[in-house]
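J.: here's my sequence, what's the structure:
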Amino acid sequence: MKNVVYILLIISVIASCKSKNVSTKPNSEVVDTSEKQDTIRIANDSLEYEVIIFEAGFDSWMLRRARPRSYYSETFLEARNIQYVTEWNRRVVSSGFDRNLYEMQINYQQGIDYGFEVNYMLYHFFVFFEEKYKQNLTAHNPRF
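T.: Next comes the predicted model:
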């Protein structure tokens, strides 16, 4: 379960040669550690889950497009993430989708408390991914 959201590490390899690193563990500080890569690290030692995203442009996209955390409920984020992950994993095992976009499955399971921050970042990664690569993972329009 600890490797749950290493998914985004995998997702990073998916799309671009240039990479961006966002490492997330819920409920802690945000530290910019690199000017070139716009790295954001959110960490919390009380939970064992983290999100790692290597995707150029994600940080600036988050600053421009994401609504404040108070806009979303954790229940909403979890429900959408389950839908996104289910479709993502289906595309990983299906032969009809671009292998460069869908390389590895995401280990995200319903009923596990990943914390608000992990769910918030994961949700926004999926929305970013849909926009950047013109993919529709669900029939829902993202909330902005």
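
J.: does residue 97 touch residue 91 like I think?
T.: Yes: Residue 97 lies in contact with residue 91 (C-beta atoms under 8 Å); the separation is 4.3 Å. Placement of C-beta: from N, CA and C, glycine included.

J.: more neighbours, these two?
T.: residue 91 (18 against 14; other C-beta atoms under 10 Å).

J.: how far away is that one from residue 98?
T.: When distance is defined by C-beta to C-beta, to the nearest Å, residue 91 is 9 Å away from residue 98.

J.: just name the shakiest helix or strand of this structure by mean pLDDT.
T.: Across the helices and strands of the chain, mean pLDDT, DSSP states H and E gives its lowest value to strand 30-32, namely a mean of 40.

J.: mind listing the helices for this protein?
T.: For the chain, the helices defined by DSSP state H cover 7-15, 58-65, 74-93, 116-133.

J.: of all those helices, which lies closest to residue 106?
T.: Of all the helices of the chain, it is helix 7-15 that lies closest to residue 106, at 3.4 Å by C-beta to C-beta.
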